[in-house]
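>>> could you work out the structure for the sequence below:
(chains A and B)
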Amino acid sequence: LAKTTQPISMDSYEGQEVNITCSHNNIATNDYITWYQQFPSQGPRFIIQGYKTKVTNEVASLFIPADRKSSTLSLPRVSLSDTAVYYCLVVPNTNAGKSTFGDGTTLTVKP
Amino acid sequence: DTGVSQDPRHKITKRGQNVTFRCDPISEHNRLYWYRQTLGQGPEFLTYFQNEAQLEKSRLLSDRFSAERPKGSFSTLEIQRTEQGDSAMYLCASRSFSQGAGELFFGEGSRLTVL
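Sure, this is the predicted structure:
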């Protein structure tokens, strides 16, 4: 399984765009890139998933370059409620549950 | 259906006691997963079921741990002879086989404290 590397923590201010980059150099052909958000004392919540290029939904965008060795989660105009831990996962298409989360990126949004 | 539910939310026990956690997945989801999360770490995969079949177990799941999903609906995770190192949040997640590769729906977790 491909290992992921992401910054331990990031700080931002309300209203700014936040970009969190994840490295996954050993990603396999069938792997998808998936991001989760977790608040204290809650289970992780799915944010977005992609395979290549760009994916956008109502809460975030995911940018994946052609070599797929990294990905960037983009959160537009963050608010205080976006303070959370964000996990990047590389997920085999055949079995989502086998992936183990890394330690994630703790995002702190300041007023 | 309001999502994945777990019970109890909190459990405090003494070392050596047995504990059991229950997970009720989203009703149409045939895959169910158990994870363990300790403070400051990401969730670690323990095991997963497709319907009632337990298809994979992590090496983290020692012989004191057992998980079942007898009718392919709810699941239980039992820890026998608990140790202080078992203190963690136990998370359950589910998904439909037809969903994307990574979209898991997690419950709120069951927090275990072993004294």
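>>> list the contacts for the closest residue to residue B:38 other than its chain neighbours?
Using C-beta to C-beta, 6 or more residues apart in numbering or on different chains and skipping the chain neighbours, the partner closest in space to residue B:38 is residue B:88 (4.8 Å). C-betas here are computed from N, CA, C, even on glycine. By C-beta atoms under 8 Å, 6 or more residues apart in numbering or on different chains, residue B:88 lies in contact with B:36-38, B:111-112.
>>> mind redoing it with 10 Å?
Residues in contact with residue B:88 (C-beta atoms under 10 Å, 6 or more residues apart in numbering or on different chains) are B:35-39, B:41, B:43-44, B:79, B:109-114.
>>> run a quick neighbour tally on the residue nearest to residue A:81 when sequence neighbours are not counted.
Leaving aside its sequence neighbours, residue A:81 sits nearest to residue A:109 (C-beta to C-beta, 6+ apart; 7.9 Å). Here the number of neighbours of residue A:109 (other C-beta atoms under 10 Å in any protein chain shown) works out to 20.
>>> and residue A:109, what are its bridge partners?
Applying DSSP bridges to residue A:109 yields these beta-bridge partners: residue A:12.
>>> hang on, it packs against residue A:86?
No. Between residue A:109 and residue A:86 there is no contact under C-beta atoms under 10 Å: 11.7 Å.
>>> state the distance from the closest residue in space to residue B:84 that isn't next to it in sequence to chain A.
Spatial nearest neighbour of residue B:84, chain neighbours left out: residue B:114 (5.0 Å); criterion: C-beta to C-beta, 6+ apart. Distance, residue B:114 to chain A, by C-beta to the nearest C-beta, to the nearest Å: 18 Å.
>>> show me the contacts for residue B:114.
B:11-17, B:19, B:79, B:82-88.
>>> could you verify that residue B:85 is part of a helix?
Yes. Assessed with DSSP: H, G, I helix; E, B strand; the rest coil, residue B:85 lies in a helix.
>>> so for it, what's the pLDDT?
pLDDT for residue B:85: 95.
>>> tell me, how many residues neighbour it?
9.
>>> so what does whatever helix or strand residue B:56 lives in touch, helix or strand wise?
Taking DSSP states H and E as the criterion, residue B:56 maps to strand B:53-57. With contacts defined as 3 or more C-beta pairs under 10 Å, 6 or more residues apart in numbering or on different chains; DSSP states H and E, strand B:53-57 has these neighbours: strand B:31-37, strand B:44-50, strand B:65-68.
>>> then that strand to PDB, C-alphas only?
Coordinates of the C-alpha atoms in strand B:53-57 are reproduced here as PDB (Å, rounded to 0.1, in the frame of the first residue of the first chain):
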ATOM      1  CA  ALA B  53     -18.100 -12.900   6.000                       C
ATOM      2  CA  GLN B  54     -15.100 -11.500   7.800                       C
ATOM      3  CA  LEU B  55     -12.700 -11.100   4.800                       C
ATOM      4  CA  GLU B  56      -9.600  -9.600   6.400                       C
ATOM      5  CA  LYS B  57      -8.100  -9.000   9.800                       C
END
